[in-house]
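[1] Only the shape, not the letters, is given here:
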């Protein structure tokens, strides 16, 4: 199953027959509109390549030459778009998701939510402003208790391969590598119709056992079944299943990644029916392979006038207001050229008919067409409604799930509206009421409305404490700790030392209660979150004593009268002695608390890795760097930050990247490396752009104060001449 961003790549309908007509003849037919958000933007951004083109030379002629070149070693990467044409007639991920989103949102919320299904739209605010197929499946699998993903059954039931599958089966028969992100068994069925059974590699063990000379189909995201055997455990349809522990650059199992890289490194890659929005695994795997002698041709399915783009045209791909490239596949191709992984002449993007391209492939390879089977028909709307009726029968249950999806996408207004609607429906149902209240508390905490959160939290106390669900109880204590911690922060910086001490200790006590419940319940994700928050509390619990001691040392008392009585003088002397002893022991207490914070973060990271929660892992890892800074372990801090940065880049978290470079600059400064410190700070400011550049003004001033304004100005002048890549390499010590 390819990504929901099939719009513009696979959503446009392909003709039912195999389109044997010449391109000129088919161009006269009424074109079927492709989503303008992608194609028109691309066409406006980059003129078609005209080098070496004659009057009769069309993009299809160029593709024909590309495929017929004597040194061509063809491999194909296929996405969900190939299963769209008849007789398969399978829905794309985008169509499937449209029904899913309609099911979990109210009619009022649906229009805004449905816009989030299009990744490549002009008004996209940031990389997260898009509903990933895997995110939606994650939430439905958890809240609708559908671990086997039965809503995908219409895809599994199809037994009618089309001409696209037939050509790919012919390539497999000739031992050409074919890789697919699809879950269905249509390519395998086409192979059987051609008289052979392919070796299907669907999980890591399969990829370890395949031999180079076998007729292999590589199913990168798993398969519903293999030779009639249920293999749904191999499906990589959720974020938790795609994200694999142990590799922060490519979220793919080791053997699968090794096999994928071998194919990409040694073959010319033709990409069809695939949007390129699988930016956790497939795209990073391609990006990381340096193959300057090999070519890549990406087919962007398009039924209007065919166009061809060279690598030179890709650099002007459309971007949003924050500078993020909208077209993931365009960004990948551009990066391959700029990084030197591919030669500019070996990278092409084509807007054309996928069926026509595969007709050319079949002609060159001598692959005969399959006999068309019976058309497969599925009423997707009815199928999804039946699934919702079984899994989430009440409308308020569906809206509750929808609110969770929207919260994760920072669409707080729409999420709050859904929760408000849910709360009016649940009435006296205490079970549902307390769960909705806890989600509302989380929303208030996200927006730093701590007063309202505390009031609602106290209101929910009797319902939560008496609730039989351990998850509800744990959430109550976790939220209690979070509220106390966030009231402790202003008390600390308001010099209310006693209040701050009490609140931070109260936060630790609440987190401990939550942790005990979560561990008994086996809640690994909740445990990871609570451990992360405990680490924050441990790193703060001694701060009131430290700040109070600093303030006391800064006071300068000119004159003070001694107490009038001997007992008073003795008491004053005893208080000074105790205070002095506490201040002497403070570094030891601080170190002990920070070591506890570090242990909490290590365990939190291990659990986040185990459950595939990489955003959570990233947050804990970034906090680990902050704890190491407080412990003055600057070299270890640098190493951790060097791991944080690529992980944040993979997750599209630009702000974390900028913050990490800012912290890296500070660590380098304490290590005495002014050049790298300046480089890291300069790159941070380039990364976050003008929107957050002011966040680093204090760091820049401190650097100038430490090394001298003239010296830093000279360094900056030299570093400004470096490209982003050169500056990044210098900052990371590459």
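    Received it, and whenever you're ready, just let me know what you need. Since the model is a prediction, treat every value here as computed from it, not as a measurement.
[2] Kindly provide the distance from the closest residue to residue 674 other than its chain neighbours to residue 521.
    Using C-beta to C-beta, 6 or more residues apart in numbering and skipping the chain neighbours, the partner closest in space to residue 674 is residue 707 (5.1 Å). C-beta here means a position set from N, CA and C on the backbone, and glycine is covered the same way. According to C-beta to C-beta, to the nearest Å, residue 707 stands 53 Å off from residue 521.
[3] again with residue 183
    Taking C-beta to C-beta, one finds residue 183 at 32 Å from residue 521.
[4] Compare those two (neighbour count), which wins?
    More neighbours surround residue 183 than the other of residue 183 and residue 521, with 26 against 15 (other C-beta atoms under 10 Å).
[5] who are the neighbours of the longest helix along the chain, in terms of helices and strands?
    In the chain, assigned by DSSP state H, the helix with the most residues is helix 566-610. Identification of packing neighbours for helix 566-610 by 3 or more C-beta pairs under 8 Å, 6 or more residues apart in numbering; DSSP states H and E yields helix 524-540, helix 543-554, helix 614-630.
[6] mean pLDDT for those helices: which is lowest?
    When the helices and strands packed on helix 566-610 are compared on mean pLDDT, helix 543-554 scores lowest, with a mean of 78.
[7] Off-centre distance for that helix?
    In terms of C-alpha atoms, centre = their mean, to the nearest Å, the centre of helix 543-554 is found 42 Å from the chain centre.
[8] got it, and stretch 532-541?
    That offset, for stretch 532-541, works out to 26 Å (C-alpha atoms, centre = their mean).
[9] heads up, I number from 568, so please use that
    Let's use 568 as the start, then, which means that last one is stretch 1099-1108.
[10] mind listing what's buried in it?
    Going by neighbour count (16 or more other C-beta atoms under 10 Å), the buried part of stretch 1099-1108 is 1099, 1100, 1101, 1102, 1103, 1104, 1105, 1106, 1107, 1108.
[11] do stretch 1205-1212 as well
    Neighbour counts over stretch 1205-1212 (16+ other C-beta under 10 Å) mark 1205, 1207, 1208, 1209, 1210, 1211, 1212 as buried.
[12] can you give me the strands in the stretch 618-767 of the chain?
    Here the stretch 618-767 of the chain has its strands, by DSSP state E, counting those that start in this stretch, at 641-645, 745-747, 766-768.
[13] Can you tell me which of the helices and strands packed on helix 1133-1177 is packed in deepest?
    Mean neighbours per residue, mean count of other C-beta atoms under 10 Å, is largest over these for helix 1091-1107, with a mean of 23.
[14] Please work out the average pLDDT along stretch 971-984.
    For stretch 971-984, the per-residue pLDDT averages 81.
[15] Now that stretch: buried residues?
    Buried, per 16+ other C-beta under 10 Å, within stretch 971-984: 971, 972, 973, 974, 975, 976, 978, 981, 982, 983, 984.
[16] Now the terminal residues of it, how far apart.
    One end of stretch 971-984 sits 12 Å from the other (C-alpha to C-alpha, to the nearest Å).
[17] before we move on, the earlier item: let's have the strands of the stretch 618-767 of the chain in a markdown table, adding mean neighbour count, distance to residue 851 and mean pLDDT.
    Formatted as a markdown table, those follow (neighbours: other C-beta atoms under 10 Å; distance: least, C-beta to C-beta, whole Å; pLDDT from 0 to 100):
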| stretch | mean neighbour count | distance to residue 851 | mean pLDDT |
| --- | --- | --- | --- |
| strand 641-645 | 23 | 14 | 96 |
| strand 745-747 | 26 | 15 | 97 |
| strand 766-768 | 20 | 20 | 95 |
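[18] got the contact list for stretch 1043-1061?
    For stretch 1043-1061, the surrounding residues in contact (C-beta atoms under 8 Å, 6 or more residues apart in numbering) are 1005, 1008-1009, 1012, 1015, 1017, 1020-1021, 1024, 1027-1028, 1031-1032, 1066-1067, 1070-1071, 1073-1078, 1080-1081, 1084, 1093, 1096-1097, 1100-1101, 1103-1104, 1107, 1110-1111, 1114.
[19] what mean pLDDT does that stretch have?
    93.
[20] same deal with stretch 679-695?
    Per-residue scores along stretch 679-695 average to 74.
[21] Repeat that for stretch 949-963.
    According to the model, stretch 949-963 has a mean pLDDT of 90.
[22] re the thing from before, can you put the strands of the stretch 618-767 of the chain in CSV and add distance to residue 1194?
    Compiled in CSV, those are given as follows (distance: least, C-beta to C-beta, whole Å):
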stretch, distance to residue 1194
strand 641-645, 42
strand 745-747, 42
strand 766-768, 42
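[23] Please identify which of those is closest to residue 805.
    strand 745-747 (18.5 Å; C-beta to C-beta).
[24] Mind listing the strands that closest one pairs with, and their directions?
    Applying DSSP bridges, strand 745-747 is found paired with strand 641-645 (parallel), strand 783-786 (parallel).
[25] Tell me the helix or strand right after the last one.
    Beyond strand 783-786 on the C-terminal side, the first helix or strand identified by DSSP states H and E is strand 792-793.
[26] That next one - which strands sit beside it in the sheet, and in what orientation?
    Strand 792-793 is paired, per DSSP bridges, with strand 796-797 (antiparallel).
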